[in-house]
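In: Could you work out the structure for the sequence below:
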Amino acid sequence: MIPLNNIDQSWTLFLDRDGVINHEKNKDYIHTWDEFVFYDGVQEAIKTFSTIFKRIIIVTNQKGVGKGLTLLENLTEIHNNMKSSIQLAGGRIDAIYFCPDLDENSPNRKPNPGMGYQAQQDFPEIDFTKSIMVGNTISDMEFGRNIGAITVFLPTTRPEVDHADSRIDLVQNSLIDFSRTLFNR
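Out: Have a look, this model is predicted:
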């Protein structure tokens, strides 16, 4: 049972980016801001989350940077514009951590917990047992498990994933649906 009624300003929300906040490109990466498209309701959802959680952190694997396909300056522009759009809608993102590493064993590449540890180093009040990880892949769910967080799966890009998988604590159709679940608890 997920303790939805216990979630308050002492909790942290970890979000994946592609497939959670924005539409994922099929077998490709988001290379520029022009290619970045928010899912419907995401800015409203993050505005709601901003009233519930102390910290909202994005953790995203960005292999396209490591492969030289996405320029680091373009990724920075995407993240700056994304944060600005969310702020204009009344929400906030406290930090964004990304891993460009190609090595699957990199400590910072999800499902490994390195980006979570980076966030905790920057925000020492983060308690992983009072954290939620929202993602659209089993790798995201494993990252959540590896830091000791509750996991929420969005089947936006992988509807074939078994929703009864033991790494998934809750399934929601979208980020806006999850925000409504929390708001109406």
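In: Identify the single longest strand in the protein, thanks.
Out: For the chain, the strand that runs over the most residues, judged by DSSP state E, is strand 55-61.
In: What mean pLDDT does that one get?
Out: Per-residue pLDDT over strand 55-61 has a mean of 98.
In: Could you list the residues in contact with whichever helix or strand comes after that strand?
Out: As assigned by DSSP states H and E, the chain's next helix or strand after strand 55-61 is helix 63-66. Applying Cβ atoms under 8 Å, 6 or more residues apart in numbering, the set of residues contacting helix 63-66 from outside is 29-31, 70-72, 75, 98, 100-102. In short, each C-beta sits where N, CA and C put it, glycine included.
In: who's in contact with Val42?
Out: Taking Cβ under 8 Å, 6+ apart as the contact definition, Val42 lies against 21-22, 86, 175-176.
In: brain fart, Leu75
Out: Taking Cβ under 8 Å, 6+ apart as the definition of contact, the neighbours of Leu75 are 62, 65, 98.
In: Go again with 10 Å.
Out: With contact set as Cβ atoms under 10 Å, 6 or more residues apart in numbering, Leu75 has these partners: 29-33, 60, 62, 64-65, 96, 98, 100.
In: Dump those into CSV; add distance to Lys47 as well.
Out: Supplementary listing: those in CSV, determined by distance: Cβ to Cβ, whole Å:
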residue, distance to Lys47
Tyr29, 27
Ile30, 22
His31, 28
Thr32, 26
Trp33, 21
Thr60, 20
Gln62, 25
Gly64, 29
Val65, 29
Ile96, 17
Phe98, 23
Pro100, 29
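In: out of the residues you listed, who's nearest Val152?
Out: Thr60 (16.0 Å; Cβ to Cβ).
In: was I right about that closest one contacting Glu24?
Out: No. Under the contact definition of Cβ atoms under 10 Å, Thr60 does not touch Glu24, with a separation of 11.1 Å.
In: any common contacting residues for these two?
Out: With Cβ under 10 Å, 6+ apart as the test, Thr60 and Glu24 both reach 16-18, 30.
In: export the longest helix belonging to the chain as CSV, just CAs?
Out: When the chain is scanned for its longest helix (criterion: DSSP state H), the result is helix 72-88. Only the C-alpha atoms of helix 72-88 are listed here, as CSV (Å, rounded to 0.1, in the frame of the first residue of the first chain):
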residue,chain,number,x,y,z
LEU,A,72,25.5,19.8,-24.6
GLU,A,73,24.6,23.4,-25.2
ASN,A,74,21.3,22.2,-26.9
LEU,A,75,20.5,20.0,-23.8
THR,A,76,21.2,23.0,-21.6
GLU,A,77,18.8,25.1,-23.7
ILE,A,78,16.1,22.4,-23.6
HIS,A,79,16.4,22.2,-19.8
ASN,A,80,16.5,26.0,-19.3
ASN,A,81,13.4,26.5,-21.5
MET,A,82,11.6,23.5,-19.9
LYS,A,83,12.2,25.0,-16.4
SER,A,84,11.1,28.5,-17.6
SER,A,85,7.9,27.1,-19.1
ILE,A,86,7.1,25.2,-15.9
GLN,A,87,7.8,28.3,-13.8
LEU,A,88,5.6,30.5,-16.0
